[in-house]
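Quick one: sequence plus predicted model below, questions after.
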Amino acid sequence: MSLLRQSLLAACSALVLTGSRFAFTAILARRLSVEVFGKFAYAQWLIDITFLVCALGATGAVSRYAAEFSNVPKKLQGFIRQWRFWALGLPLLGGVVALFSARVSGFVLDSGTSLMLVLWGAAAGITAMHTAALSGMQRFDLIFRSNIFLATTMLIGAAVLPFDADASMMLFGLMTFASALGAVPGVFATWRIKSDIGAVLDASTWRAIRKYALNMWIVALLWSLLWSRGELPIVKASLGDTGVASYVAILTLFGGAIQGVMLGVSAVAPQLTRLWGEGRKQEAVALARDVMDIQLLVCGAAAATLVFLGPELLTLAFGSQYRMHAGALAMLSLGLISMVVANQNHLLQVATNGSFSRNSLVAGLFVLMGSAIVLTYFFGLEGAAAARACSMILLAGIAIYRTFQKWGRDSVSLLNITAVFLPVLLGVFVSIRLLSVHLGLRILFLSLTLGSYAFSVRDTTGNRKLIIMLRMMAAKLHAVSARN
């Protein structure tokens with residue numbers, strides 16, 4: 001399967017998952033009270049974080065080595081045979097830990113709701129395990145199918161189920177059923193791989209795998225705390241369930257934008273891993289740079305849209321009661337630009353066997369938690385958003401510096417990054433003063449910002465990246481029409 005087709009399937013898959021989660025959150029925000037919605041959002045965060053605690057790096061290991069061993073069947077069989085046990089046992093442990101964490105957090109749950117929470121945690125973990133395996137196997141067609149199952153079930157349930165005053169048990173049951181359906185394609189695909197008893201990896205290979213898994217376990221935990229919703233307990237402690245609900249609404253829009261700008265990039269990571277494993281390291285670095293320039297255009301456009309149209313987007317998605325938090329959304333949008341170094345992060349992760357990601361995330365986590373405690377206390381949601389944005393920018397800066405050190409200045413374009421970041425930073429200061437100004441004026445500022453990106457972002461030869469992209473798309477469409 002070609003990289004272009006993999007990228008398209010990965011993009012469609014991410015679009016389905018992101019769109020459905022966004023719609024699901026929007027439906028619940030409108031159907032539930034703010035307090036109940038905040039309680040469910042916090043439970044969802046607990047499910048995610050407890051699985052990562054219990055996963056022990058198994059997802060990161062399978063996504064790498066299923067790709068790296070793809071051309072060596074005996075190694076792949078030996079690896080998958082050992083991985084299967086962990087892929088089922090660890091998610092169940094995660095569900096039990098999620099229940100314990102909920103009770104420690106002050107949740108009052110009856111026996112039926114407690115059981116549903118455990119089953120939700122186990123089902124969600126099994127889905128995550130097997131999605132990682134499918135990514136390593138480059139079966140993005142099956143990931144797309146899995147996300148269709150998950151999305152359809154969540155949206156139908158959110159729209160038609162009769163939620164009562166405390167809808168916890170029904171919501172947990174819905175998420176359990178949806179996650180179980182989403183796991184089906186991955187479970188069948190991995191269990192069809194032959195389990196030849198003679199396919200055994202040598203001791204040195206297993207030591208390397210265990211070391212990588214340990215690093216990826218630490219990285220995944222730190223990544224979730226830093227790049228996802230790690231400051232949510234701080235928001236809950238300072239602002240209560242109402243603050244959690246408002247912040248989750250902001251993060252949902254922000255997270256949807258992140259997923260949108262990362263469309264197709266998940267298909268690039270296995271390709272980078274394969275090139276690196278084959279010794280074609282300069283090709284991998286060049287591909288990462290090329291994709292980064294494209295991402296700059298997309299990330300800049302998404303960030304500017306959130307900055308200038310935040311009030312309308314929050315009102316449209318979650319209702320007018322969330323419009324007042326557009327300033328926090330604008331502040332948070334600065335962090336979107338940091339996503340452009342995703343492929344450089346991946347190469348550094350592979351090149352250092354995961355130690356770079358671990359060390360940089362530790363630094364970023366200290367900055368996030370320390371600043372979030374102080375800024376949330378004094379500035380509320382805007383402070384929490386500023387803490388997250390600054391932490392993400394810090395991590396991107398570290399990745400750029402290390403990329404320069406290892407592969408030279410041509411591996412990243414600082415000029416392109418500056419040309420995209422500065423207009424967004426200016427837009428944040430302008431928009432905070434213009435949030436109550438007529439929509440037409442804000443659209444004008446947005447148009448000027450997007451125009452500056454189209455003019456300033458260039459490739460290594462000095463040509464405008466947007467023009468190159470449009471020519472490539474036109475050539476592809478012409479080729480397709482000629483074949484038809």
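That came in fine, so what should we check first?

Can you tell me the SS state at the residue nearest the centre of the chain?
Per C-alpha atoms, centre = their mean, the C-alpha nearest to the average position across the chain is that of residue 259, at 6.0 Å. Classification of residue 259 by DSSP: H, G, I helix; E, B strand; the rest coil places it in helix.

Leaving out sequence neighbours, find the closest residue to it.
residue 18 (3.6 Å; C-beta to C-beta, 6 or more residues apart in numbering). Every residue, glycine included, has its C-beta placed from N, CA and C.

same check, this time on residue 132
Residue 132 sits nearest to residue 59 (C-beta to C-beta, 6+ apart), 3.9 Å away.

just checking, what packs against the helix or strand the one you found falls within?
Using DSSP states H and E, residue 59 sits in helix 58-68. Judged by 3 or more C-beta pairs under 8 Å, 6 or more residues apart in numbering; DSSP states H and E, helix 58-68 is in contact with helix 73-104, helix 111-136, helix 203-223, helix 268-277.

Just want the angle from the lengthiest helix in the chain to helix 268-277.
Counting by DSSP state H, the longest helix found in the chain is helix 281-318. Inter-element angle recorded for helix 281-318 and helix 268-277: 170 degrees (by axes from the mean of the first three to the mean of the last three C-alpha atoms, to 10 degrees).

Show me how far helix 281-318 is from its chain's centre.
13 Å (C-alpha atoms, centre = their mean, to the nearest Å).

Tell me which other helices or strands it touches.
By 3+ C-beta pairs under 8 Å, 6+ apart, helix 281-318 packs against helix 3-31, helix 232-261, helix 268-277, helix 326-333, helix 342-351, helix 414-434, helix 439-456, helix 465-483.

So for that helix, what gets flagged as buried?
Across helix 281-318, burial judged by 16 or more other C-beta atoms under 10 Å covers 281, 284-311, 313-314, 317-318.

isn't residue 424 right next to residue 296, touching?
No. Counting by C-beta atoms under 8 Å, residue 424 sits too far from residue 296 to count as a contact (11.0 Å).

So for the two, which residues contact both of them?
residue 337 (C-beta atoms under 8 Å, 6 or more residues apart in numbering).

pLDDT at the residue nearest to residue 259, what is it?
Note on residue 18: pLDDT of 78.

wait, it sits on residue 260?
Yes. Under the criterion of C-beta under 8 Å, residue 18 makes contact with residue 260 at 6.3 Å.

so who does the residue nearest to residue 424 when sequence neighbours are not counted touch?
Once flanking residues are discounted, residue 424 sits nearest to residue 303: 4.7 Å by C-beta to C-beta, 6+ apart. Applying C-beta under 8 Å, 6+ apart to residue 303 gives the contacts 257, 333-334, 336-337, 424.

for residue 318, same thing?
So residue 318 contacts 25-26, 29-30, 249, 252 (C-beta under 8 Å, 6+ apart).

let's go with 7 Å and repeat that
Remark: with contacts taken as C-beta atoms under 7 Å, 6 or more residues apart in numbering, residue 318 is in contact with 26, 29, 249.

Surely the first one touches residue 317?
Think residue 26. Yes. With contact defined as C-beta atoms under 7 Å, residue 26 reaches residue 317; the gap is 4.8 Å.

Double-check that residue 163 belongs to a helix.
No. Under three-state DSSP, residue 163 falls outside any helix and is assigned coil.

Next, it: phi, psi?
phi -70, psi 130 (degrees, to the nearest 10).

Over to residue 461?
phi -90, psi 0.

Got the confidence number for it?
71.

shaky segments in the stretch 301-450 of the chain?
Residue ranges of the stretch 301-450 of the chain with pLDDT under 70: 434-437.

so where's the stretch 51-200 of the chain uncertain?
194-200.

residues in contact with stretch 119-129?
Outside stretch 119-129, the residues touching it (C-beta under 7 Å, 6+ apart) are 47, 50-51, 58-59, 87-88, 90-92, 94-95, 98, 172, 175-176, 179-180, 182-183.

er, stretch 207-215 I mean
So stretch 207-215 is contacted by 56-58, 60-61, 64-65, 353-355, 358 (C-beta under 7 Å, 6+ apart).

circling back: from memory the residue nearest to the centre of the chain sits against residue 14, does it?
Yes. The criterion here is C-beta under 7 Å, and residue 259 meets it with residue 14 at 5.5 Å.

Quick check: residue 181 touching residue 150?
Yes. Between residue 181 and residue 150 there is a contact under C-beta under 7 Å: 6.4 Å.

ok, these two, which is more surrounded?
Using other C-beta atoms under 10 Å as the criterion, residue 181 and residue 150 rank with residue 150 on top: 27 against 18.

What sits closest to that one if chain neighbours are left out?
Closest to residue 150 by C-beta to C-beta, 6+ apart is residue 182, at 3.5 Å.

which helices and strands does the host helix or strand of the one you found pack with?
Using DSSP H and E, residue 182 sits in helix 168-191. Counting contacts by 3 or more C-beta pairs under 7 Å, 6 or more residues apart in numbering; DSSP states H and E, helix 168-191 packs against helix 111-136, helix 140-160.
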